[in-house]
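**Q** all I have is the shape, not the residue letters:
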């Protein structure tokens, strides 16, 4: 197994978790919060997808699918919105959660970001992983560190979303 194969597998596992988590959820379920300030499934999946799309695109110096394919407008968000959710207040989380009104739309955006991610990472070599992609940190961030960071962040949020789904559906039975 190559490094590229390993990365493709990791992003594929995130994709599987996202797909099974949002599948069949209605808009109110996507926006459900365990408590007043908790992050709902819709926001968590939107956020993890935005982070993946933003960070991977930047690491490979390509446009984000969010901008390229005008996903903000599809979600009813301002067309110029490039937010990824980092540092969102409870009110901002609620606004995005309200915009994430369809499990299918959310899954479609994740799929588009996943497809671009896989296209980009499937051709990398071990030598590529040492390339510095962000000099604003000390030490500078390499491609390897950035990709592992995205995978870690995405898996944590996918797990949180799956947990919220479980609480929500257990309460509905």
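**A** On my side now, so go ahead. From a predicted model like this one, the values you see are computed outputs, not experimental measurements. Numbering: from 1, shown residues only.

**Q** which strands or helices does the longest helix anywhere in the chain pack on?
**A** In terms of residue count, the longest helix belonging to the chain (DSSP state H) is helix 143-172. Using 3 or more Cβ pairs under 8 Å, 6 or more residues apart in numbering; DSSP states H and E, the elements in contact with helix 143-172 are helix 3-22, helix 41-59, strand 132-134. The C-beta positions use only the backbone N, C-alpha and C, and glycine is treated the same way.

**Q** need the ones you listed in TSV (columns: mean neighbour count).
**A** Formatted as TSV, the helices and strands packed on helix 143-172 follow (neighbours: other Cβ atoms under 10 Å):
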stretch	mean neighbour count
helix 3-22	18
helix 41-59	25
strand 132-134	15
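
**Q** any idea how far residue 133 is from the closest residue to residue 63 other than its chain neighbours?
**A** The shortest distance from residue 63 to any non-neighbouring residue, by Cβ to Cβ, 6 or more residues apart in numbering, is to residue 57 (6.3 Å). Distance of residue 57 to residue 133, computed by Cβ to Cβ, to the nearest Å: 11 Å.

**Q** what do you get for residue 104?
**A** Using Cβ to Cβ, one gets 33 Å for the distance from residue 104 to residue 133.
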